[in-house]
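A.B. asks: Sequence first, predicted model second:
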Amino acid sequence: MTNYAQRAENVLDKINQLAAISDDPTCVTRTFGTKAFLEGSRLIQQWMQNAGLQTRVDAIGNVRGRLVSPIAGAKTFVLASHMDTVVNAGKFDGPMGVIMGLDLLEKLSQSDRSLPFNLELIAFSDEEGVRFHTTYLGSKVVAGSFDRSLLVKQDESGTTLSEVIQTIGGDVDQFSADAIAPDDWLGYFEIHIEQGPVLYERNVPVAIVTAIAGQKRIEIEFTGVAGHAGTVPMNMRQDALCAAAEFILEVEKFGFANRYNLVATVGKLNVVNAASNVIPGKVSCSLDVRSNNVTALEAACLKLQKLCANLCAERTIHFRWNLIQETAPVACDAKLNELLSQSINESGYERIDLVSGAGHDGVPISTVSPIAMLFVRCFNGISHNPLEDVELTDMAAAILVADKFINHLIDGFLSFRP
């Protein structure tokens, strides 16, 4: 009989080992292409090899391991998550899904069970987009949708994405060869912490993700007139920071008024040439709007842009509205979710359906494959934070459910096939 508690302990041990590899010795930070990134990549590849998988690192730095079906022309089912982190991160977001996938494939490898399809585990190289401010680099290569115009993007040091890929041993000319062709996909499955409080408040270990919210990220620049803080009268100022501050508060009001359809956040603020005795002349801020309703998402951004224009006109401030990233809402696959539901019920848990407000690698993968996600309860819903935590009992529950899910997929392969 499988000891899921022991398997969860083994998973946690590997999570802790990977968390010890960081760009910053004071916290967990592992961003694309760094020394810590490469060290973590080598460790994950070694784990895959030890588990009996055929392993390689592809041209964008994804670590990939396969269990190969004996059937010629077999399709591929992918288990995946990401190995990169945000700055000052928790240790579960991303790596937990990779390492749980490793546990599942290791057990299948040891069972010598004949597979009707290939199983591939992928540790995606860059999902968070911290270094180059663009997400899903790894999964876009696997989906065959990488935008080569991104190669000239620079990090804060001026190093281009193309240069970093070359430094880590990648080859941008091999991206197309690393993609899984649309006809070869059977499906995609990711285990991930919820990053929200629903499961924690309901005291339930797992949930089915029904959709991933679409999102728009916008950079807004407010330009007024810098001036001496002591000599320019209050009624004659064109204060860019005050305009930005008013807009930020309006974003919060708008998000709260429309909280059942969307969320809206300003998470970054930059005062150019800031000084205590200078009226700010130029300020930029971010805007992040998310919804699983594409109509609501589009309408919200238009409304907020108009609101920004009106308040800037009142203050004689010029503004620039720059859309820097957008993704459409993505629905998870109904057939795969039914298998997940069956697995959850057989494991003795109630079915809970959730929409993911966070983006995931399933977004680009959904263009070529049916996708499914299993959320796992995390402490207080905290994520992107060192306090991020998952209890061993919840990890054991997730492994049990995922084990049943993969075995149901194998057993019911003929009926599942599109």
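C.D. replies: Good, I have the coordinates. Not measured: the values here are computed from a predicted model. Numbers count the residues shown, from 1 in each chain.

A.B. asks: where in the stretch 301-418 of the chain is pLDDT low?
C.D. replies: Residue ranges of the stretch 301-418 of the chain with pLDDT under 70: 414-418.

A.B. asks: ranges for the strands of it?
C.D. replies: Using DSSP state E, counting those that start in this stretch, the strands found in the stretch 301-418 of the chain span residues 318-327, 330-331, 353-356, 371-376.

A.B. asks: quick one: strands adjacent to the longest one?
C.D. replies: What it means is strand 318-327. strand 214-223 (antiparallel) (DSSP bridges).

A.B. asks: Hmm, Val330 is touching Thr210, no?
C.D. replies: No - with contacts defined as C-beta atoms under 8 Å, Val330 does not count as touching Thr210, sitting 10.2 Å away. To be clear about C-beta, it is placed using only N, CA and C from the backbone, and glycine gets the same treatment.

A.B. asks: Could you single out the most deeply buried of the strands of the stretch 301-418 of the chain?
C.D. replies: Most buried of those by mean neighbour count (mean count of other C-beta atoms under 10 Å) is strand 371-376; its value is a mean of 25.

A.B. asks: Residues in contact with it: which ones?
C.D. replies: Contact partners of strand 371-376, identified using C-beta atoms under 8 Å, 6 or more residues apart in numbering, comprise 96, 187-194, 199, 205-209, 212, 330, 332-333, 336-337, 339-340, 354, 356, 360, 362, 365, 390, 394-395, 397-398, 401-402, 405.

A.B. asks: For Arg66, give me its contacts.
C.D. replies: For Arg66, the contact set (C-beta under 8 Å, 6+ apart) comprises Leu53, Gln54, Thr55, Thr76, Asn118, Leu119, Glu120, Leu121.

A.B. asks: what secondary structure does the closest residue to Met83 other than its chain neighbours sit in?
C.D. replies: Using C-beta to C-beta, 6 or more residues apart in numbering and skipping residues adjacent in sequence, the residue nearest Met83 is Ala123, 4.3 Å away. Classification of Ala123 using DSSP: H, G, I helix; E, B strand; the rest coil returns strand.

A.B. asks: Let me see the contact set for Ala123.
C.D. replies: Ser41, Ile44, Asn62, Val63, Arg64, Ala80, Ser81, His82, Met83, Val98.

A.B. asks: and the first one, what are its phi and psi?
C.D. replies: In this entry, Ser41 is assigned phi and psi values of phi -60, psi -40 (degrees, to the nearest 10).

A.B. asks: okay, now it: neighbour count?
C.D. replies: Per other C-beta atoms under 10 Å, the neighbour tally for Ser41 reads 22.

A.B. asks: Show me the beta-bridge partners of the residue nearest to it when sequence neighbours are not counted.
C.D. replies: Spatial nearest neighbour of Ser41, excluding adjacent residues (C-beta to C-beta, 6+ apart): Val63 at 5.4 Å. Val63 forms beta bridges with Val57, Ala123, as assigned by DSSP bridges.

A.B. asks: All set now, cheers.
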